[in-house]
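Asker: Predicted structure and sequence below. I'll ask about it afterward.
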Amino acid sequence: MENVVIIGTGPAGLTAAVYTARANLNPLVIEGFQPGGQLTTTTDIENYPGFPQGISGMELMDLTRKQAERFGARFKNGEVVSSCLTCLPHSITLSDGEKIEAKTIIIATGASAQYLGIESEHKLIGRGVSGCAVCDGAFYRDVPVAVVGGGDTAMEDALFLTHFASKVTVIHRRDQFRASKIMVDRLLAHPKIEVRWDSAVEEVLDVAKNEVTGLKIRNVKTGAISELKVNGLFVAIGHKPNTKPFAGQLDVDHAGYLIARNTRTNLDGVFAAGDVQDAVYRQAVTAAGSGCMAALEAERFLGSMK
Ligand code: NDP
């Protein structure tokens with residue numbers, strides 16, 4: 001039986017791996033479908049402390065993984081498809097049918113940015129299409145960008161992007177935002193921001209050049225098609241925490257995020273770290289911080305079992 005199984009290899013999971021490995025707990029880390037997590041879909045990370053010149057998401061995750069391996073963390077490829085967290089010991093089952101038992105489990109499965117689901121968008125993720133304005137906004141200095149969405153994230157993203165972009169167009173599928181009034185008022189009053197109501201992105205241009213040069217937009221009421229020149233498209237239509245394998249066993253909030261107090265879930269020995277339990281900050285450094293917290297909590301829990 002494992003002491004600690006960590007599910008996820010974004011900043012939360014890898015930091016938990018560094019700490020639990022260094023505590024001689026010999027953690028097993030399950031890599032999942034996107035090794036390195038969401039960071040690997042961004043370009044350079046300029047706001048992670050300690051890297052004054054920035055660092056690529058891929059490299060940061062690679063370095064953190066090596067750091068965990070140095071202290072003995074073991075890594076295993078595999079997607080967790082189901083779990084029994086109410087069982088003692090806890091268990092998880094991988095897609096190949098392998099069952100792993102553990103005294104403690106740290107869930108660091110992250111949240112996936114929702115995308116529009118159109119083919120041209122998919123091809124340009126990381127090349128002008130982004131799901132994270134805070135991560136990538138600074139790369140769009142003095143060029144026009146667009147934000148899709150009408151919730152608080154879209155408002156925040158659009159306002160944040162005004163620090164860099166020459167113009168921000170917010171594209172929303174209805175004629176009313178769902179975001180809080182204060183954010184909407186702030187957005188509508190901003191001279192750099194224009195709103196395209198009742199509009200949907202039909203296509204991201206120009207796949208052939210392998211970088212975003214514009215959008216084809218459809219007015220959902222009139223059907224009229226227009227083009228908008230932008231160099232970046234920020235999709236802010238919500239995130240979905242990756243909790244499917246744990247469904248029905250852990251407390252979640254209205255949006256499906258795990259509820260954790262100091263990373264402790266409602267089940268003893270089960271901890272949550274990173275974006276899977278954080279709808280608010282969603283930063284690499286906050287995820288790493290909570291990974292550290294989960295590791296220390298797991299260590300404390302194992303100590304109390306003896
Ligand atoms: P929301 O679910 O609140 O909003 C998503 C937005 O995207 C909606 O306007 C929705 O349109 C639109 N949308 C969804 N799917 C599509 C699609 N396929 N095509 C086009 N548009 C689409 O998500 P957020 O990430 O904005 O917010 C999540 C939670 O986090 C909320 O509770 C929010 O209040 C909170 N939050 C709080 C912040 C703060 O307090 N500072 C900052 C950011 C988020 P429609 O309106 O038509 O459904």
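Answerer: Sure, I can see it. Residues are numbered from 1 along each chain as shown.
Asker: Contact partners for the residue in the chain positioned nearest to the ligand?
Answerer: For the chain and the ligand, the shortest gap (Cβ to the nearest ligand atom) falls at residue 151, measuring 2.4 Å. All C-beta spots, glycine's among them, are computed from the backbone N, C-alpha and C. By Cβ atoms under 8 Å, 6 or more residues apart in numbering, the residues touching residue 151 are 177-179, 236-238.
Asker: what's the spacing between it and residue 159?
Answerer: According to Cβ to Cβ, to the nearest Å, residue 151 and residue 159 sit 13 Å apart.
Asker: about what we covered before: neighbour-wise, which one of the contacts of residue 151 leads?
Answerer: residue 236 (24 neighbours; other Cβ atoms under 10 Å).
Asker: is it true that it touches residue 148?
Answerer: Yes: taking contacts as Cβ atoms under 8 Å, residue 236 lies within contact range of residue 148: 6.4 Å.
Asker: shared neighbours of these two, which are they?
Answerer: In contact with both residue 236 and residue 148: residue 154, using Cβ under 8 Å, 6+ apart.
Asker: do you know how far the residue of the chain closest to the ligand is from residue 61?
Answerer: 28 Å.
Asker: what is the rounded mean pLDDT of stretch 214-229?
Answerer: For stretch 214-229, the mean pLDDT works out to 98.
Asker: now the residue nearest to residue 154 when sequence neighbours are not counted: how far from residue 201?
Answerer: Excluding the flanking residues, the one nearest residue 154 by Cβ to Cβ, 6 or more residues apart in numbering is residue 236, at 3.9 Å. Residue 236 is 12 Å from residue 201, where distance means Cβ to Cβ.
Asker: Mind listing the shared neighbours of these two?
Answerer: Between them, residue 236 and residue 201 share these contacting residues under Cβ under 8 Å, 6+ apart: residue 148.
Asker: Outside of the helix or strand hosting residue 301 itself, list whatever touches it.
Answerer: Residue 301 is part of helix 284-305 when elements are defined by DSSP states H and E. Contacts of helix 284-305 with the rest of the structure, by Cβ under 8 Å, 6+ apart, involve 3-4, 10-20, 23, 25, 39, 45, 47-49, 57, 60, 64, 103-104, 106, 108, 110, 262-264, 268-269, 271-275, 277-278.
Asker: which of those residues are buried?
Answerer: 3-4, 10-20, 23, 25, 39, 45, 48, 57, 60, 64, 103-104, 106, 108, 110, 263-264, 269, 271-275, 277-278 (16 or more other Cβ atoms under 10 Å).
Asker: Can you flag which of those residues belong to helices?
Answerer: Judged by DSSP state H, helices contain the following of those: 11-20, 57, 60, 64.
Asker: Turn those into TSV, including distance to the ligand and pLDDT.
Answerer: Shown next, in TSV, are these (distance: Cβ to the nearest ligand atom, whole Å; pLDDT from 0 to 100):
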residue	distance to the ligand	pLDDT
11	20	96
12	19	98
13	22	98
14	25	98
15	24	98
16	24	98
17	28	98
18	29	98
19	29	98
20	30	98
57	21	89
60	24	95
64	26	97
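Asker: Any idea what the residue most central in space within the chain is bridged to?
Answerer: In the chain, the residue lying closest to the centroid (Cα atoms, centre = their mean) is residue 111, at 4.5 Å. On the basis of DSSP bridges, residue 111 is bridged to residue 241.
Asker: Return the residues in contact with it.
Answerer: 38, 239-242, 257, 275-276, 279, 282.
Asker: Thank you kindly, that will do.
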